[in-house]
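> sharing a sequence plus its predicted fold:
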Amino acid sequence: MDKEELCKKVMDLDSLIRFAGLINPNGRLVAGGMKPGYETMEDPKDAEMLYMELVLRAKMRKEFDRAFGAVKFAMSLREKLIVMSFPFEDHILMISTEKETDFSKLAFKILEIISH
């Protein structure tokens with residue numbers, strides 16, 4: 001599946017998804033982005049830092065794969081939104097969504113998409 005197509009497919013899962021993007025191992029957004037009609041909450045420079053921090057956390061989590069198994073997804077519940085990340089090939093699929101989203105159902109729908 002094409003990277004842009006993947007992001008669009010994920011974004012179409014729930015009207016409350018604000019952002020779906022693929023972040024490469026260098027912390028750069030390579031596909032997807034904000035949903036039309038939504039504005040980013042952070043400064044563009046802060047977005048770069050967010051992506052790099054996400055990649056770093058994902059790499060650190062790999063240290064425990066042998067003991068616990070591979071990470072399927074990670075989630076942060078924040079005051080203003082929910083951020084989820086999913087390892088996808090050598091990239092990370094990052095999602096941000098409104099807090100009202102049924103995040104447990106959404107996460108498993110996304111896992112279903114990326115496992116095919």
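Nice, I can see it.

> need the per-residue pLDDT for Pro44.
Taken from the predicted model, the pLDDT recorded for Pro44 is 75.

> please apply the same query to Thr40.
At Thr40 the predicted local confidence, pLDDT, stands at 86.

> spatially central residue in the chain, please.
By C-alpha atoms, centre = their mean, the mean C-alpha position of the chain lies nearest to Met94, the distance being 1.3 Å.

> which residues are in contact with the strand or helix carrying that one?
The secondary structure element spanning Met94 is strand 91-97 (assigned by DSSP states H and E). For strand 91-97, the surrounding residues in contact (C-beta atoms under 8 Å, 6 or more residues apart in numbering) are 3, 6-7, 10, 14, 16-25, 30, 51, 54-55, 58, 81-87, 103, 106, 110, 114. Where C-beta positions appear, they are placed from N, C-alpha and C, glycine not excepted.

> give me that answer again for 7 Å
10, 14, 16-24, 54-55, 58, 81-86, 106, 110, 114 (C-beta atoms under 7 Å, 6 or more residues apart in numbering).

> now stretch 41-60
23, 25, 27-29, 40, 80, 85, 87, 92, 94.
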